[in-house]
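Peer 1: Just the structure for this:
(2 chains)
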Amino acid sequence: MKKFNKAVCAVLIIFIIFSFCSCSSNKIEVNLEQNADTYVENEDCQNYLNTFSSFAKVDDGYYFVNDSMLFYYDTKTYQAYPVCDKANCDHSDSKCKAYLSPMQFYPDLDVYYYDNALYLLGHEDNGASRQQVYMYQISLENFKQKKASYLFDGSGGISVVCMLHRGYIYFANNSGQMDETTATLCRVKLGDIEDNSVQVIYEYKGINANIANLSAYGNKVFFNTTSYSDIKGNGYECTLNYIDIHTLEAEQIPEIKNSHFAENNKVYYFKDENTVNYFDMNSNENDFFCNIDGPCYISADSNYIYFDNKQSISIGKADEKDRKIFVYDKNGKYVTEITPKNPTDDCYFGGDDIMIFKEIITGELIESDGAKGYYVLDKSQLTSPDKQFIDME
Amino acid sequence: MELFRVFKNKRFAAAVILLLLLNCVSFYITQQKNIENLGSNIKDYSDTFKVNADIFSLNDAEDLIIGKNNRFQILKGFSDTEKLKAENAEEYEYYAEDEVMMIKQNPLLYQEYKDGNYSYEELAAQADFYSHFAYQLEYQNNYQSYIDSIIENGKDLSSKKLFSDKNSYSYKSIQKSVEDFEKNKNIKLTLVNDLPVNAVLNYQISGFVLIMLCVFTAISFVSEKNVNLLINTCKSGRRMLKLKQMPILILFSFFLFLYSLYIRNTNITENL
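Peer 2: Predicted coordinates for the structure are as follows:
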């Protein structure tokens, strides 16, 4: 009888403990074995979108963050709306489900996509000045948020470059000190929220050593390393490197200047300010692609390569009135050019469906009001002489 | 029997009475502080409350409340500016032009204010009282269009790609919201004096007091002395005692659960 009572008590205690537990699991399924040489839609870094765009592409639409709110843009109906399913919400305060609190997220940073979920950098305060930086997941099935991975300990503002590719978060937390420093490229698996899961995969030493411009294609992660030859800021050096995600072997790509874009085993880059070359990853050889008045930001979709000369305007090499996005086919043949609404507008490029822009007039962003200020170009109109922009409303 | 034993326990009864008294004192102090934050005092506030207690039953209550709200907001405005002038002349400079304009627009009310019919505390109490009910009236008058807009918004939302999957949580949640708000479509709201209920519902410490009551009840079971000690030594006696104590604990827990559910629902309703 005593044994029976003890068993009943044990069952009751277990029942009570489990009744306080949440039903949801923190486990995130990732495919670390993916080794395709080409772009894998649901698993790969969306490098065709500008790093600072806060856009993430899904089927028939894009998610994006503006003014601490998560929006969805439907490319079929050309409608943008907040990701909030509360019928009695006017999306104007922190009670809105689309609201991403700056107390938790860094909403100005990029939005990443992996396997039907969005990922955003966020933090958890640990005392007055310390905070732990995490990647948070927003499920696209039910829009619930949860911690996805621990990245590093920070203190207030962070200077991080980050990217999500084939189940791993690749990141570099740059110090910014004009001194002999070591920049580290790290990675952590999605779902690892313990602070001992971060793996250092590349180290670079130099004066004000930095790792920047992270991107990926196939089994390679591309990144720039930058440094100076002395602490006065002389002798700026920038190299383009890549690392194999399975063997973790790193290589350097010669000749690189300014921006680059990798796709289909080719890395397009400006050899000098007016010459675009590509580096063939199979043959390890450089070849000529086209001549453009550059330098330009580079992007590509399945059909074309895009060159945005905003970069040369920003360094004073081109005039604002000459702002263009030049479009070339994959053989290096000129196709067309796009003139944004205003010369200083941001171009976020995009997938095969649309090209995304954000209006910026005289150096000031248009006042944040939902999706106001964003506009798109339907890429089916790309070769048309009368290209019409569509406002996001 | 066991319930009577618990209630007859002098220490338990004393603890309950003490907790309830503490609750009353704490409630009074909290209310006093809230009223002081408005710039009034509890005497003027309760006088305002008493004088206007029957205003809701009057036929022209709506016009009366709106009229009095406008009047007391202006009178309070005069009073606030004068107070600022006395306390911070530099900051007052920013509002001096506004004051002149307000006097020009409301000469009679300014005269009424100057005649010294009201103290600052009295005006603060009246202005708060009427602004609360003017807000309630506005909410009441817009209620039908508010409900209509929610129903329309719900239908619009469920047609959007993100929320249109009929098996998704979002779609079901939107449909449930629309159904729930449709039930409120033809409800006619009437103005009632909700200030006392609001004060009690916004008073958070009572939940803590209720938890303390539950803790005291539980402790009263384990004060195993005298005859209980004897019962505890018998195998079946102990089981019977625990069986009798269980329903009492469940009863108290049930009250606590109902109370927390009520507070939660009230908060949700207020947020709608």
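
Peer 1: Now name the helix or strand holding the residue in the stretch 101-250 of chain B positioned nearest to chain A.
Peer 2: The stretch 101-250 of chain B approaches chain A most closely through B:Gly154 (3.5 Å), counting by CB to the nearest CB. In this view, the C-beta of every residue, glycine as well, is placed from N, C-alpha and C. In this structure, B:Gly154 is located in helix B:143-158 according to DSSP states H and E.

Peer 1: Can you tell me which helices and strands the helix or strand following that helix packs against?
Peer 2: Following helix B:143-158 in sequence order, the next helix or strand is helix B:169-183 (DSSP H and E). For helix B:169-183, the packing partners by 3 or more CB pairs under 8 Å, 6 or more residues apart in numbering or on different chains; DSSP states H and E come out as helix B:143-158.

Peer 1: Need the contact partners of the helix it packs on.
Peer 2: By CB atoms under 8 Å, 6 or more residues apart in numbering or on different chains, the residues outside helix B:143-158 that reach it are A:85, A:87-88, B:139, B:163-164, B:171, B:174-175, B:177-178, B:181-182, B:184-185, B:187, B:189.

Peer 1: Can you list the buried residues in that helix?
Peer 2: B:Ile147, B:Ile150, B:Ile151, B:Asn153, B:Gly154, B:Leu157, B:Ser158 (16 or more other CB atoms under 10 Å in any protein chain shown).

Peer 1: got JSON lines for those, with pLDDT too?
Peer 2: Formatted as JSON lines, the buried residues of helix B:143-158 follow (pLDDT from 0 to 100):
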{"residue": "B:Ile147", "pLDDT": "93"}
{"residue": "B:Ile150", "pLDDT": "93"}
{"residue": "B:Ile151", "pLDDT": "94"}
{"residue": "B:Asn153", "pLDDT": "93"}
{"residue": "B:Gly154", "pLDDT": "93"}
{"residue": "B:Leu157", "pLDDT": "92"}
{"residue": "B:Ser158", "pLDDT": "92"}
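
Peer 1: of all those, which comes closest to A:Met392?
Peer 2: B:Leu157 (18.0 Å; CB to CB).

Peer 1: Tell me how far the residue positioned nearest the centre of chain B lies from A:Asp93.
Peer 2: Note on chain B: the residue nearest the mean C-alpha position is B:Asn198, at 2.3 Å, using CA atoms, centre = their mean. According to CB to CB, to the nearest Å, B:Asn198 and A:Asp93 sit 21 Å apart.

Peer 1: A:Ile356 now?
Peer 2: Using CB to CB, A:Ile356 is found at 27 Å from A:Asp93.

Peer 1: Between those two, point out the one with more neighbours.
Peer 2: Shown here are A:Ile356 and A:Asp93; by other CB atoms under 10 Å in any protein chain shown, A:Ile356 has more neighbours (23 against 8).

Peer 1: show me where the stretch 251-393 of chain A has helices.
Peer 2: A:310-314 (DSSP state H, counting those that start in this stretch).

Peer 1: For the closest residue to chain B within the stretch 201-350 of chain A, which residues are in contact?
Peer 2: In the stretch 201-350 of chain A, the residue that lies nearest chain B is A:Gly350 (18.1 Å; CB to the nearest CB). A:Gly350 makes contacts with A:Tyr48, A:Leu49, A:Phe55, A:Lys57, A:Tyr62, A:Asp301, A:Ile356, A:Val376, A:Lys379, as judged by CB under 8 Å, 6+ apart.

Peer 1: Now pLDDT and distance to A:Thr181 too, for those, in JSON lines please.
Peer 2: Below are these laid out as JSON lines (pLDDT from 0 to 100; distance: CB to CB, whole Å):
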{"residue": "A:Tyr48", "pLDDT": "91", "distance to A:Thr181": "32"}
{"residue": "A:Leu49", "pLDDT": "91", "distance to A:Thr181": "30"}
{"residue": "A:Phe55", "pLDDT": "93", "distance to A:Thr181": "32"}
{"residue": "A:Lys57", "pLDDT": "95", "distance to A:Thr181": "35"}
{"residue": "A:Tyr62", "pLDDT": "95", "distance to A:Thr181": "37"}
{"residue": "A:Asp301", "pLDDT": "92", "distance to A:Thr181": "37"}
{"residue": "A:Ile356", "pLDDT": "94", "distance to A:Thr181": "35"}
{"residue": "A:Val376", "pLDDT": "94", "distance to A:Thr181": "41"}
{"residue": "A:Lys379", "pLDDT": "93", "distance to A:Thr181": "42"}
